[in-house]
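Novice: Mind folding the following:
(2 chains)
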There are 2 protein chains.
Amino acid sequence: MIQPLRVLVLCGPTREYLDPVRYISNASSGKQGMAVVRETVRRGHRVDLILGPVDERPPLGVSAHRVTSAREMYDTAKSRHPFCDVLIAAAAVSDFRPREYSVVKRKRDGGPWRLDLEPTEDILQALGREKGLRVHAGFALETEDPLQNALRKLLTKKLDWIVANGPEAIGAEMGEYHLLGADSSHAYLGKLSKTELAAKLLDAVERTAATRCYRR
Amino acid sequence: MIQPLRVLVLCGPTREYLDPVRYISNASSGKQGMAVVRETVRRGHRVDLILGPVDERPPLGVSAHRVTSAREMYDTAKSRHPFCDVLIAAAAVSDFRPREYSVVKRKRDGGPWRLDLEPTEDILQALGREKGLRVHAGFALETEDPLQNALRKLLTKKLDWIVANGPEAIGAEMGEYHLLGADSSHAYLGKLSKTELAAKLLDAVERTAATRCYRR
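Specialist: A predicted model of the protein is given here:
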């Protein structure tokens, strides 16, 4: 039996507001992240959850840090990361946000609207620099060359594990997944439910964690 | 007892996709529209529901036309409008959409992104031109001069009734509402639940419908 781990889970989408009403986001339901949370709790580990705006509620006994924007998720993740042994980044963080925020709701009859978007903070990149002995796992959702892009993300963000899937997995019950490891392993996992995928990922994370020695 | 009416309800937000993953939307939960649907059914009227992407499910016995974008909501509303006596537009339709759609997910490391937004179809304006004897009711959510703007919307869209509220009502349980009428009436409704507001609006709609003679 592996010792209980302190697992930091990032879950849900983020919203980047253009004005008081409108935002840029994506259809992430938070279901995959919540499946990871439930599986982690079931195995006796401790969960620290950072949760974007979703209808899903955390399971009983898990308290969530609620955030809205990528900036808030970044700040909260930075502050919680020192206290985890494992990071599972299952959030669909917005990569872009409006450079300017309009404090009034813009009207349709004002005509076209030119919006400048800037990249948001790269949370995995930043936490990767402070990784130490932690196990880091993430997800790659790509519309082109999913495996190539997932491998690139695994290496540049210094992840131990990455799950590759396509956009059809967003909000859906089942998806088709690959699991790539920093040990150059590549497993085709086939079609799985989010709960089944969470179990496969936790198996891999526990294997890696067992090879590392955590100071408490 | 008023005769049963055929009520077309527009409900939920719309999503305007920038690429296969990201979209512009708003936090509309569809709860207000669903409260209208339930109240309408409860009073013995027939509901024709056009529903944007929300987790809320229509009540048993009500079939929904599911749509995603403002364009789809516009097309569906145009095709269903001839068959209604009453239109209740409770959807938070996106006023803007990207001029161009990127078929691949754009990457953060590609740098800034200049996005040109164009106005979407004005559904109420278009249906107002084909109004005939129908009763049209809508909602105005404004961050500035809510009553002035609601009145302007009432007149330009040829509505019979408009509910004015602020952005704090989005997704919330309670809101503070005003009801303005084409008969120049103005009622401050106070703080109400979405169900209570639906009842007030249906009262007004039924009163107006009773003064009109529908051919079947």
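
Novice: Next SSE downstream of whichever strand or helix holds residue A:36?
Specialist: For residue A:36, the element it lies in under DSSP states H and E is helix A:31-42. Next helix or strand after helix A:31-42 toward the C-terminus (DSSP H and E): strand A:46-51.

Novice: What is the burial count for the residue nearest to residue A:92 when sequence neighbours are not counted?
Specialist: Spatially, and ignoring its direct neighbours in sequence, residue A:92 is nearest to residue A:28 (3.6 Å; C-beta to C-beta, 6 or more residues apart in numbering or on different chains). Quick note: C-beta positions are derived from backbone N, CA and C, even for glycine. Taking other C-beta atoms under 10 Å in any protein chain shown as the criterion, the count of residues near residue A:28 is 25.

Novice: Now residue A:28: which helix or strand?
Specialist: Counting by DSSP H and E, residue A:28 is found in no helix or strand.

Novice: Now do the helix holding residue A:36: distance to the chain's middle.
Specialist: 12 Å (C-alpha atoms, centre = their mean, to the nearest Å).

Novice: That one versus strand A:46-51: what angle between them?
Specialist: 160 degrees (axes from the mean of the first three to the mean of the last three C-alpha atoms, to 10 degrees).

Novice: Give me the buried positions along helix A:31-42.
Specialist: A:31, A:32, A:33, A:34, A:35, A:36, A:37, A:38, A:39, A:40, A:41 (16 or more other C-beta atoms under 10 Å in any protein chain shown).

Novice: Name the residues that touch that helix?
Specialist: A:7, A:9-12, A:47, A:49, A:51, A:56, A:58-59, A:61-62, A:88, A:90-91, A:139, A:169, A:171, A:193-195, A:197-199, A:201-202 (C-beta atoms under 8 Å, 6 or more residues apart in numbering or on different chains).

Novice: With stretch A:108-121 instead?
Specialist: A:14, A:16, A:18, A:24, A:69-71, A:74, A:93-100, A:106, B:95-96, B:99, B:108-109, B:111-120, B:122.

Novice: partners of residue A:136 in the sheet?
Specialist: residue A:87 (DSSP bridges).

Novice: In contact with it, which residues?
Specialist: Residue A:136 sits in contact with A:86, A:87, A:89, A:124, A:127, A:128, A:157, A:158, A:159, A:160, A:161, where contact means C-beta under 8 Å, 6+ apart.

Novice: which intervals of chain A have sub-threshold pLDDT?
Specialist: By pLDDT under 70, the weakly predicted segments of chain A are A:1-2, A:167, A:169-171, A:214-216.

Novice: Summarise which helices and strands the longest helix along chain A is packed against.
Specialist: What stands out as the longest helix in chain A, according to DSSP state H, is helix A:194-210. In this structure, helix A:194-210 makes packing contacts with helix A:31-42, strand A:86-92, strand A:135-141, strand A:161-165, strand A:174-181, strand A:186-193, judged by 3 or more C-beta pairs under 8 Å, 6 or more residues apart in numbering or on different chains; DSSP states H and E.

Novice: hey, which of those is tucked in deepest?
Specialist: The highest average neighbour count among the helices and strands packed on helix A:194-210, using mean count of other C-beta atoms under 10 Å in any protein chain shown, belongs to strand A:86-92 at a mean of 26.

Novice: And the contacts of it?
Specialist: Taking C-beta under 8 Å, 6+ apart as the rule, strand A:86-92 contacts A:5-14, A:26, A:28, A:32-33, A:36, A:40, A:45, A:50, A:52, A:73, A:81, A:123-124, A:127, A:134-139, A:141, A:170, A:201, A:205, A:209, B:21.

Novice: quick one: residue A:140 and residue A:166 touch, right?
Specialist: No. Judged on C-beta atoms under 8 Å, residue A:140 makes no contact with residue A:166 at a distance of 9.9 Å.

Novice: Mind listing the shared neighbours of the two?
Specialist: residue A:146.

Novice: Specify the beta-bridge partners of residue A:113.
Specialist: residue B:117.

Novice: try residue A:140
Specialist: Beta-bridge pairing for residue A:140 (DSSP bridges): residue A:164.

Novice: ok, it to residue A:32 distance?
Specialist: Shown here: residue A:140 relative to residue A:32, a distance of 13 Å by C-beta to C-beta, to the nearest Å.

Novice: Now stretch A:192-211: buried residues?
Specialist: A:192, A:194-202, A:204-206, A:208-209.

Novice: Nearest to chain B among the residues you listed?
Specialist: Comparing the buried residues of stretch A:192-211 against chain B with C-beta to the nearest C-beta places residue A:194 closest, at 16.3 Å.

Novice: Leaving out chain neighbours, which residue sits closest to that closest one?
Specialist: Closest to residue A:194 by C-beta to C-beta, 6+ apart is residue A:35, at 4.1 Å.

Novice: Number of residues surrounding residue A:79?
Specialist: The burial count for residue A:79: 11, using other C-beta under 10 Å.

Novice: what's the answer for residue A:60, then?
Specialist: 6.

Novice: Check whether the helix or strand harbouring residue A:75 comes near chain B.
Specialist: Here residue A:75 sits within helix A:70-80, counting by DSSP H and E. No. Helix A:70-80 lies out of reach of chain B by C-beta under 8 Å from any C-beta of the partner chain, never closer than 10.1 Å.

Novice: And for that helix, what's in contact with it?
Specialist: A:8, A:10, A:14, A:16, A:48, A:50, A:52, A:65, A:67, A:91, A:93-95, A:97, A:120-121, A:123, A:126-127.

Novice: The same query, at a cut-off of 6 Å, please.
Specialist: By C-beta atoms under 6 Å, 6 or more residues apart in numbering or on different chains, the residues outside helix A:70-80 that reach it are A:8, A:14, A:48, A:50, A:65, A:67, A:93, A:94, A:120, A:121, A:123.

Novice: taking those one by one, which sit in helices?
Specialist: residue A:123.

Novice: If you rank the contacts of helix A:70-80 by neighbours, which is first?
Specialist: residue A:14 (28 neighbours).

Novice: I'd say that residue and residue A:50 touch.
Specialist: No. The pair residue A:14 / residue A:50 is not scored as a contact, 10.4 Å apart, by C-beta atoms under 6 Å.
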